[in-house]
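Participant: Need the 3D shape of this:
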Amino acid sequence: TIEELGRKWIQIQGFLPAALFLAILAGKFHTLSHAAFIVNFTLLQFFFNFGANSTTYCYPAELFPTRYRAFAHGISAASGKVGAIISASAFSTLSNKVGTPAILWIFFGSCIAGAVFSLLLPEVRGRNPDIILIEEMKEGR
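Facilitator: Coordinates of the predicted model:
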């Protein structure tokens, strides 16, 4: 699936529906029925996992030149982990101060920013890593 659809498309299509479901949760937080909340949250998690969670690991591994790949992949993964730690640590404190819906709106904005940033990334679908490595070796990189 990822090779057919492309990493960039999957990443954007993960961020945008996630933003939609976060907006619904934020806007209707106090009025959603339990069933609607569960369905909405389940769809939110699906699109988180379909998009950014799956492409986080394959995109950097295919995007960067072989010489820098491990370092760049490590920086990418570490950045995601730092963001998750900050988010998890700050959620409770901020939620108590501004309310859970406000935090969900912040997450909504993060998803929109992620989708916009993803537009700037090159598509790596169809690139053969072996051919790229040979070309890099010929160029002396």
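Participant: Compute the distance between the nearest residue to His30 once chain neighbours are set aside and Phe46, please.
Facilitator: Leaving out its chain neighbours, the residue that sits closest to His30 by Cβ to Cβ, 6 or more residues apart in numbering is Pro101, at 7.6 Å. Heads up, the C-betas are built off the backbone N, CA and C, glycines and all. Distance, Pro101 to Phe46, using Cβ to Cβ, to the nearest Å: 22 Å.
Participant: circling back: gap between the residue nearest to His30 and Ala26?
Facilitator: From Pro101 across to Ala26, the span is 5 Å (Cβ to Cβ).
Participant: So for these two, which sits in the more crowded spot?
Facilitator: Here Pro101 and Ala26 are compared on neighbour count by other Cβ atoms under 10 Å; more neighbours surround Ala26, at 18 against 15.
Participant: Dead centre of the chain: give me the residue that sits there.
Facilitator: Ala52 (2.6 Å; Cα atoms, centre = their mean).
Participant: now the helices: where do they sit in this structure?
Facilitator: Taking DSSP state H, the helices of the chain run over residues 2-5, 7-27, 34-48, 54-63, 66-98, 100-119, 129-139.
Participant: how about low-confidence regions in this protein?
Facilitator: For the chain, the stretches with pLDDT under 70 are 128-130, 132, 136, 140-141.
Participant: thinking again about what came up before, grab the nearest non-local neighbour of the residue nearest to the centre of the chain.
Facilitator: The shortest distance from Ala52 to any non-neighbouring residue, by Cβ to Cβ, 6+ apart, is to Gly14 (5.3 Å).
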